[in-house]
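Chemist: Provided below are the primary sequence and the corresponding predicted coordinates.
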Number of protein chains: 2
Amino acid sequence: MGMVDVKAKILEKNYSKAAVLRDKFKNTCVLNFVSSPGSGKTSILEKVLVMFKDKYKLAVVEGDQQTTNDADRIEATGVTAYQVNTGRACHLEATDVEKAMAELGYDLDLLIIENVGNLVCPSQFDLGEDAKVIVLSTTEGDDKPIKYPVMFRVGSSFIINKTDLLPYVEFDVDKCIGYAKGVNPELEVFQASCKTGEGLEEIAAYIEGMIAKKKNA
Amino acid sequence: MGMVDVKAKILEKNYSKAAVLRDKFKNTCVLNFVSSPGSGKTSILEKVLVMFKDKYKLAVVEGDQQTTNDADRIEATGVTAYQVNTGRACHLEATDVEKAMAELGYDLDLLIIENVGNLVCPSQFDLGEDAKVIVLSTTEGDDKPIKYPVMFRVGSSFIINKTDLLPYVEFDVDKCIGYAKGVNPELEVFQASCKTGEGLEEIAAYIEGMIAKKKNA
């Protein structure tokens, strides 16, 4: 069996498991947050989920190679979080989510999956989600959508985070959006800052729209 | 053949090829720069390599999923660069470096490999290098060494980059260094800023020391 076949087989196995998950998620909106390490996924979730916690049944699955730092941060906001430590693995797989759901239960309006910080590998692993939400911070460079196009191609929405740092970094927001839309014209784009609060209500509204859409599907 | 065996086989095959490369690099200091996307690897190299270009025979291998942006930036400084586009792949493998060397030739004092932006996967792929140089920017969070310990364990040196942004971000330098040294006490640590110039001479001196060490080995 060649290496290409093996990879295809791993992805195929993951895809089958993701399809089973997707079936179980028929009343649950599932968002898979992906980014490089340190783009601010957890900070955005801390700020947004706190608006939802009395309104929806929700939970977060946190993927990291090691530590429970992110799950601890989410739980501190009063939202249930389940930490998956992937060890050497660079992405979450459907089987990780399946294990988490055995603990969390499927009776949820919203499940947020915060993937391992990696702008590459998680693009290839379907977790049964409704949408992949890509986060990029303004400190990472405006050319990332064309340097890592695979992720931008499979994403549904794109948050440009840490806009408060724009005065201190070289990052052309319009150029970045242009690159991203060039790779994937369907991307819904947000600009956000957890420091100033910019964009957080828009992101919350987007997520609520996704929840409603799933409920009415 | 199980998936674990297959992975072991891929790594083993890469390791054999890296050993062949290492043999050919006996007079060449090879540094493998690794980081998340946008941590500033290319910017550091632009600033440091320009100090070396009339003094050493050097070249850069640039790894990215797509675009020749980074190779173009390096070539603009007058240093030879060879771009490898990895497509969907999330790391460089020894075979990529072998192909690049067929173009660049082994008669070099210094070869810099700038890996694909990914703090996870490149940790497992030996490229025949003398040292892995990890770059983390102050915008990525001070807990990254413990969240991504595999990379910090295999690194030889660690550059905390974008110190000019410290006033605007929550990043405790001492804490970060403590975490990194906790994972790998041997790490040589630098603090740098391509804006203010902080640390660039120290990094240049470190690289020159590595070149001299290799020559005298």
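Modeler: Looks like it arrived, so ask away.
Chemist: and A:Glu46, how many neighbours?
Modeler: 17 (other C-beta atoms under 10 Å in any protein chain shown). Quick note: C-beta positions are derived from backbone N, CA and C, even for glycine.
Chemist: hang on, I meant A:Lys215
Modeler: 11.
Chemist: show me what contacts it?
Modeler: A:Asn27, A:Cys29, A:Asp109 (C-beta atoms under 8 Å, 6 or more residues apart in numbering or on different chains).
Chemist: name the nearest of those residues relative to A:Cys194.
Modeler: Checking the contacts of A:Lys215 against A:Cys194 with C-beta to C-beta, the nearest one is A:Cys29 at 22.0 Å.
Chemist: now do the closest one against A:Asn216, distance only.
Modeler: 11 Å (C-beta to C-beta, to the nearest Å).
Chemist: mind checking the longest helix of chain A?
Modeler: Identified as the longest helix of chain A according to DSSP state H is helix A:3-24.
Chemist: packing partners of it?
Modeler: helix A:94-104, helix B:3-24 (3 or more C-beta pairs under 8 Å, 6 or more residues apart in numbering or on different chains; DSSP states H and E).
Chemist: got the angle for it vs helix B:3-24?
Modeler: 140 degrees (axes from the mean of the first three to the mean of the last three C-alpha atoms, to 10 degrees).
Chemist: and helix A:3-24, how far out from the chain middle?
Modeler: 19 Å (C-alpha atoms, centre = their mean, to the nearest Å).
Chemist: and it, what's buried?
Modeler: A:Val6, A:Ile10, A:Asn14, A:Lys17, A:Ala18, A:Leu21, A:Arg22 (16 or more other C-beta atoms under 10 Å in any protein chain shown).
Chemist: just the CA trace of the helix or strand where A:Ala180 lies, in PDB.
Modeler: Under the criterion of DSSP states H and E, A:Ala180 resides in helix A:173-183. These are the backbone C-alpha positions of helix A:173-183, laid out as PDB (Å, rounded to 0.1, in the frame of the first residue of the first chain):
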ATOM      1  CA  VAL A 173      -6.700  44.700   5.800                       C
ATOM      2  CA  ASP A 174      -8.100  45.300   2.300                       C
ATOM      3  CA  LYS A 175      -5.300  43.400   0.700                       C
ATOM      4  CA  CYS A 176      -5.800  40.500   3.100                       C
ATOM      5  CA  ILE A 177      -9.500  40.400   2.500                       C
ATOM      6  CA  GLY A 178      -8.800  40.600  -1.300                       C
ATOM      7  CA  TYR A 179      -6.400  37.600  -1.000                       C
ATOM      8  CA  ALA A 180      -8.900  35.600   1.100                       C
ATOM      9  CA  LYS A 181     -11.800  36.300  -1.300                       C
ATOM     10  CA  GLY A 182      -9.600  35.500  -4.200                       C
ATOM     11  CA  VAL A 183      -9.100  32.000  -2.800                       C
END
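Chemist: is chain B within reach of stretch A:42-59?
Modeler: No: contact check for stretch A:42-59 against chain B, using C-beta under 8 Å from any C-beta of the partner chain: none in range, with a minimum separation of 8.9 Å.
Chemist: about what we covered before: and the angle from the longest helix of chain A to helix A:94-104?
Modeler: 30 degrees.
Chemist: show residues contacting helix A:3-24.
Modeler: Taking C-beta under 8 Å, 6+ apart as the rule, helix A:3-24 contacts A:1, A:93-95, A:97-98, A:101, A:106, A:124-128, B:1, B:3, B:6, B:10.
Chemist: which among those residues count as buried?
Modeler: Judged by 16+ other C-beta under 10 Å, buried ones among the contacts of helix A:3-24: A:Glu93, A:Ala94, A:Val97, A:Glu98, A:Met101, A:Gln124, A:Phe125, A:Asp126, A:Leu127, A:Gly128, B:Val6, B:Ile10.
Chemist: quick one: contacts for the second one?
Modeler: The neighbours of A:Ala94, taking C-beta under 8 Å, 6+ apart as the test, are A:Asn14, A:Tyr15, A:Lys17, A:Ala18, A:Val20, A:Leu21, A:Phe125, A:Asp126, A:Leu127, A:Gly128.
Chemist: now tabulate those residues in CSV and tack on distance to A:Asn85 and pLDDT.
Modeler: Formatted as CSV, those follow (distance: C-beta to C-beta, whole Å; pLDDT from 0 to 100):
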residue, distance to A:Asn85, pLDDT
A:Asn14, 19, 93
A:Tyr15, 24, 92
A:Lys17, 19, 95
A:Ala18, 21, 96
A:Val20, 23, 96
A:Leu21, 20, 97
A:Phe125, 16, 94
A:Asp126, 21, 96
A:Leu127, 16, 97
A:Gly128, 20, 97
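Chemist: for the residue most central in space within chain A, helix, strand, or coil?
Modeler: For chain A, A:Phe33 is the residue whose C-alpha lies nearest the centre (C-alpha atoms, centre = their mean; 0.6 Å). Under the three-state scheme (DSSP: H, G, I helix; E, B strand; the rest coil), A:Phe33 adopts strand.
Chemist: what's opposite it in the beta bridge?
Modeler: A:Glu114, A:Val133 (DSSP bridges).
Chemist: how much space between it and B:Arg153?
Modeler: In terms of C-beta to C-beta, A:Phe33 sits 26 Å off from B:Arg153.
Chemist: close to chain B: what parts of chain A are there?
Modeler: A:1, A:3, A:6, A:10, A:36-39, A:64-67, A:69, A:88, A:90, A:116-121, A:124, A:137, A:139-141, A:143-144, A:146-150, A:162, A:164-165, A:168-169.
Chemist: which two of the buried ones among the contacts of helix A:3-24 have the greatest separation?
Modeler: Most distant of the buried ones among the contacts of helix A:3-24, by C-beta to C-beta, are A:Met101 and B:Ile10, 30.5 Å apart.
Chemist: A:Val50 belongs to a helix?
Modeler: Yes: counting by three-state DSSP, one finds A:Val50 located in a helix.
Chemist: next, count neighbours for it.
Modeler: 15.
Chemist: could you find the closest non-adjacent residue to it?
Modeler: In space, and not counting its chain neighbours, A:Val50 is closest to A:Thr77: 4.8 Å by C-beta to C-beta, 6 or more residues apart in numbering or on different chains.
Chemist: A:Met51 is in contact with the one you found, correct?
Modeler: No: using C-beta atoms under 8 Å, A:Thr77 is not in contact with A:Met51; the gap is 10.0 Å.
Chemist: let me see the contact set for the residue nearest to A:Val50.
Modeler: A:Glu46, A:Leu49, A:Val50, A:Lys53.
Chemist: return the member of those nearest to chain B.
Modeler: Chain B lies nearest to A:Glu46 out of those, by C-beta to the nearest C-beta, at 12.9 Å.
Chemist: need the nearest residue in space to the closest one, chain neighbours excluded.
Modeler: Nearest one to A:Glu46, counting by C-beta to C-beta, 6+ apart, is A:Thr77 at 5.4 Å.
Chemist: circling back: distance to B:Glu198 added to the contacts of A:Ala94, as CSV?
Modeler: Listed next are the contacts of A:Ala94 as CSV, based on distance: C-beta to C-beta, whole Å:
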residue, distance to B:Glu198
A:Asn14, 44
A:Tyr15, 48
A:Lys17, 48
A:Ala18, 46
A:Val20, 52
A:Leu21, 48
A:Phe125, 39
A:Asp126, 44
A:Leu127, 41
A:Gly128, 46
